[in-house]
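Q: return a 3D structure for these sequence lines:
(one chain, ligands or ions: 1)
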Amino acid sequence: MMRVAILGGKGMLGRDLVRVLEAADAQPLVLDLPDIDITRPCAEWPGLPAADAMVNCAAFTRVDDAESERAMAMAVNRDGATHAAEYCVAAKLPLIHISTDYVFDGTKGAPYEEKDPPRPLNYYGLTKLEGEQAVVASGAQALVVRTQSLYGIGGRNFVKAILNQIRQGRKNLKVVRDQVSAPTYTMHLAAAILRLLRTGRTGLVHAAASGWCSWWEFAQAIVRETGIEGVDVEPALSKDLKFPAPRPPFSAFDTGLYSSWTGAVMPGWQEGLRAYLAEEPLARDATGA
Ligand SMILES: NC(=O)c1ccc[n+]([C@@H]2O[C@H](COP(=O)([O-])OP(=O)(O)OC[C@H]3O[C@@H](n4cnc5c(N)ncnc54)[C@H](OP(=O)(O)O)[C@@H]3O)[C@@H](O)[C@H]2O)c1
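A: The predicted structure follows:
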């Protein structure tokens, strides 16, 4: 039975990775705060159970807060990645390290491939890029998996935010139409991570839902799929909503490399949304069902 240590195993992606591993008869080993703090050198980590691989899902993920909490964001996303890689070198463990589309500036105008040069627009993206670089430089047997726009049962996410606003009686939602990505269901990404683990590949790969949409289109799909009536979703521009951190305008991925390695195609974002809504209690509450 494959034993997989999951740093950040209590987070949104980590929890679904636990579910996917258990369903595949693999053994997840959940590692998270307060027991393990990846900002601390791995020599200071408490003794970990034996594992066959490690997946680093731990991160500072509050993109806007990273602009003001710079030291902490860098400590978790760069230094934490360094420490995870150092641990894996010492323990001779293969590592999958999760990164982000926010390493790109979003001006390519076509899906990003692994060979495209990164240029982060915000501080979170910079910390994640430095984390990737640290993992590669460590000499660990590592695969960096970039993903994007995650939503899942176990964490704060865009779908919950929309459903919560509707539940609170909002009839008019304003959502940006000039940020386009591939919203990705964490169960689908977790399944992709397991497939990638089994390939034993190292390097860099893009894994996110197939297709792409703006957050405005995604919000419309949420309303449509839940059958909620009487709610208008209006398009807005990022500059009018004044987020502290700038975001890339188009950051969808080319997932051809993932498919050629695994023989699988990432499910489309619409399929991900339907699967998620089927298990999200807020989707039932929002319609009053
Ligand atoms: N969410 C997205 O839209 C998105 C998009 C692209 C890429 N990603 C990447 O995907 C990965 C998973 O994201 P996610 O959305 O599942 O994140 P998440 O829900 O915020 O989970 C991250 C987990 O890491 C833990 N953590 C934070 N600081 C830590 C530390 N110093 N030591 C140990 N654990 C620590 C968190 O604990 P606390 O909750 O107690 O802080 C949390 O359990 C991350 O690498 C993220 O950068 C996410």
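
Q: please make it C-alpha for all contacts and neighbour counts, starting now.
A: OK.

Q: any idea which residue of the stretch 51-200 of the chain lies closest to the ligand?
A: Across the stretch 51-200 of the chain, no residue is closer to the ligand than A58, which sits at 3.3 Å (C-alpha to the nearest ligand atom).

Q: doesn't G11 make contact with that residue?
A: Yes: with contact defined as C-alpha atoms under 8 Å, A58 reaches G11; the gap is 7.4 Å.

Q: which of these two has more neighbours?
A: Taking other C-alpha atoms under 10 Å, A58 and G11 do not tie; A58 has more neighbours (27 against 19).

Q: could you tell me whether that one really is in a strand?
A: No: going by DSSP: H, G, I helix; E, B strand; the rest coil, the assignment for A58 is coil, not a strand.

Q: what residues are up against it?
A: By C-alpha atoms under 8 Å, 6 or more residues apart in numbering, the contact set of A58 is 7-9, 11, 32, 38, 76.

Q: same question for F104.
A: Counted by C-alpha under 8 Å, 6+ apart, F104 has contacts 117-121, 125, 248, 251.

Q: could you pull out the strands for the stretch 51-200 of the chain?
A: With DSSP state E, counting those that start in this stretch applied, the stretch 51-200 of the chain shows strands at 53-56, 95-100, 142-147, 150-151, 172-176, 180-181, 184-185, listed in chain order.

Q: out of those, which one sits most buried?
A: Most buried of those by mean neighbour count (mean count of other C-alpha atoms under 10 Å) is strand 184-185; its value is a mean of 28.

Q: ok, now how distant is the residue of the stretch 51-200 of the chain closest to the ligand from G263?
A: Distance of A58 to G263, computed by C-alpha to C-alpha, to the nearest Å: 28 Å.

Q: equivalent analysis for K115, please.
A: 21 Å.

Q: how about T100?
A: From T100 to G263 the distance is 23 Å (C-alpha to C-alpha).

Q: what do you get for R146?
A: Taking C-alpha to C-alpha, one finds R146 at 18 Å from G263.

Q: before we move on, what about T107?
A: 30 Å.

Q: go on, S68?
A: S68 is 42 Å from G263, by C-alpha to C-alpha.

Q: more neighbours: which of these two?
A: S68 (13 against 10).

Q: pLDDT below threshold where in this structure?
A: 285-289 (pLDDT under 70).

Q: start and end of stretch 28-39, how far apart?
A: For stretch 28-39, the end-to-end distance is 22 Å (C-alpha to C-alpha).

Q: actually stretch 170-179, not the one I typed
A: 22 Å.

Q: what residues does it touch?
A: 214-217, 219, 230-238, 241, 247-250.

Q: residues near E229, how many?
A: Neighbour count of E229, defined by other C-alpha under 10 Å: 10.
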